[in-house]
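Engineer: Following is a predicted model, sequence given first.
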Amino acid sequence: DRFIPSRGGVDLQASFALLPDEQARTAARQGSAARGEGDAQGKEDPGLDTYSLLLRSELLGAESVPHDRAGGDERMPASPLQRNLFRFKSFRPPREDAPAFSRSPVGIDSQRLLSSPRKAPRKISTVPYKVLDAPSLQDDFYLNLVDWSSLNVLAVGLGTCVYLWSACTSKVIKLCDLGPDDTVTSVSWAGRGTHLAVGTNQGEVQVWDSSRCSRVRSMTGHHGRVGTMCWAGHMLSSGSRDRSILQHDARVPDQYLYKLTGHKQEVCGLKWSHDGLQLASGGNDNKLFVWHPHSTSPVLRFNEHTAAVKAIAWSPHQNGLLASGGGTADRCIRFWNTQTSAALSCVDTGSQVCNLSWSKNINELVSTHGYSQNQIVIWRYPGMSKVATLTGHTLRVLYLALSPDSQTIVTGAGDETLRFWNVFPGPKTKGESIEPSSLLDFASSIR
């Protein structure tokens, strides 16, 4: 009359996800990352993953192995737990046994698993493929002096001048010189990549035609330096030390159309959403605001940051998903849903967050940091696991721009260098073929 429990009729894949060694291994990985043991390269031990899959197949059967083994969240249960772990009735699908005289120590299902194609791990170089000198590149957290156009031209503000560097020809030209009485405080390319907005220390916004190296127009209205700018079609938004945001239309003769007030200190971050329907602004008052195109007061206010908010990025993969980063006293990257006004998650990076940028090709983002590690980190969203950590700058990495193909980033710092890194994969195309490999290939990387 004893009760003998049976696990045969339960969801074994869901039960396997509850085993404690999965949590222990995750905690061990996080601990080694904190100690800098191997995570600087953004790599994981493929042997552990292979062993886990093999163990799952041998104990629970091939049906318990996830179909997609390349991602990071596929080990979670596919369906919610709605049944008891112990049942009287059991049903176990038949398993294909190995031949009687097989030399393999594992079953047929495990042999198929080991020989099945898998996605090769992405390798990210930890050294920049190009380094350019940038003399007089200012070490000022509140400026935005680097931007990359859709025509593959990099604009850099150095002192009183703006220089253009062509990534196709590696040629450098001087676009403008503001003279001894003014300095460049921000640059921003228009969407088509032919016109560049230049913000100055005296509060002026200039628009230049890069193909002719001529100034198209000059717009006033600010009473302090213009540290950040952002385009949305013909609309140009500029943020200033005078705590205001001006909405300019390059097609009309007016100096500006709207004046947005709400920040109590300098506006140091501006970013339009990809659909052009929302403008996010960050300030030295630790506030993050969201505005509509024709509103003069913010429609959303986020007050959770405890330091200046300069780093702002909209996700190109999910509408209304906004990421923001705080300064030295905050050090956090926070995620928001601007459609529901909800705070989604928060990650403490351990360093001042200077910039954020989302890849268009993959659901990952890059952050650059200042005090005290001066690092560049590639994150995988939504789990926010570190893909790679890049170092090389000796001062705060204050400037970041993404290439038009969304594969390369350029970073700038007060050490007066611009460094180019290949960090993101190319866009996926139909018919794209990937050379198949086997789970057994992990042994080939030992030597």
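Structural biologist: Yes, it's here.

Engineer: which regions of the stretch 301-447 of the chain sit below the pLDDT cut-off?
Structural biologist: In the predicted model of the stretch 301-447 of the chain, residues 429-447 satisfy pLDDT under 70.

Engineer: what about 90?
Structural biologist: Residues of the stretch 301-447 of the chain that meet the criterion pLDDT under 90 lie in 371-373, 427-447.

Engineer: Which parts of it are strands?
Structural biologist: Under the criterion DSSP state E, counting those that start in this stretch, the stretch 301-447 of the chain contains strands at 309-314, 321-326, 332-337, 342-348, 353-358, 364-369, 376-380, 385-390, 397-402, 408-413, 417-422, 437-438.

Engineer: can you put those in a markdown table and add mean neighbour count and distance to Ile245?
Structural biologist: C-beta: built from backbone N, CA, C; applies to glycine. Formatted as a markdown table, those follow (neighbours: other CB atoms under 10 Å; distance: least, CB to CB, whole Å):
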| stretch | mean neighbour count | distance to Ile245 |
| --- | --- | --- |
| strand 309-314 | 25 | 13 |
| strand 321-326 | 25 | 16 |
| strand 332-337 | 20 | 19 |
| strand 342-348 | 13 | 23 |
| strand 353-358 | 24 | 19 |
| strand 364-369 | 24 | 24 |
| strand 376-380 | 22 | 28 |
| strand 385-390 | 20 | 33 |
| strand 397-402 | 24 | 21 |
| strand 408-413 | 24 | 24 |
| strand 417-422 | 19 | 28 |
| strand 437-438 | 15 | 51 |
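
Engineer: Could you provide these in CSV, with additional columns for distance to Arg122?
Structural biologist: Formatted as CSV, the strands of the stretch 301-447 of the chain follow (distance: least, CB to CB, whole Å):
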stretch, distance to Arg122
strand 309-314, 21
strand 321-326, 21
strand 332-337, 21
strand 342-348, 21
strand 353-358, 17
strand 364-369, 10
strand 376-380, 10
strand 385-390, 8
strand 397-402, 17
strand 408-413, 15
strand 417-422, 11
strand 437-438, 13
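
Engineer: Out of those, which gets nearest to Thr194?
Structural biologist: strand 397-402 (17.1 Å; CB to CB).

Engineer: Output the contacting helices and strands for that closest one.
Structural biologist: For strand 397-402, the elements it packs on are strand 146-148, strand 353-358, strand 364-369, strand 408-413, judged by 3 or more CB pairs under 8 Å, 6 or more residues apart in numbering; DSSP states H and E.

Engineer: now it against strand 385-390, angle please.
Structural biologist: Relative orientation of strand 397-402 and strand 385-390, computed by axes from the mean of the first three to the mean of the last three CA atoms, to 10 degrees: 110 degrees.

Engineer: who does strand 397-402 pair up with?
Structural biologist: Strand pairing for strand 397-402, determined by DSSP bridges: strand 408-413 (antiparallel).

Engineer: quick one, phi/psi of Leu54?
Structural biologist: Main-chain torsions, Leu54, degrees, to the nearest 10: phi -60, psi -40.

Engineer: ok, which stretches of the stretch 101-250 of the chain are helices?
Structural biologist: Taking DSSP state H, counting those that start in this stretch as the criterion, the stretch 101-250 of the chain contains helices spanning 108-115.
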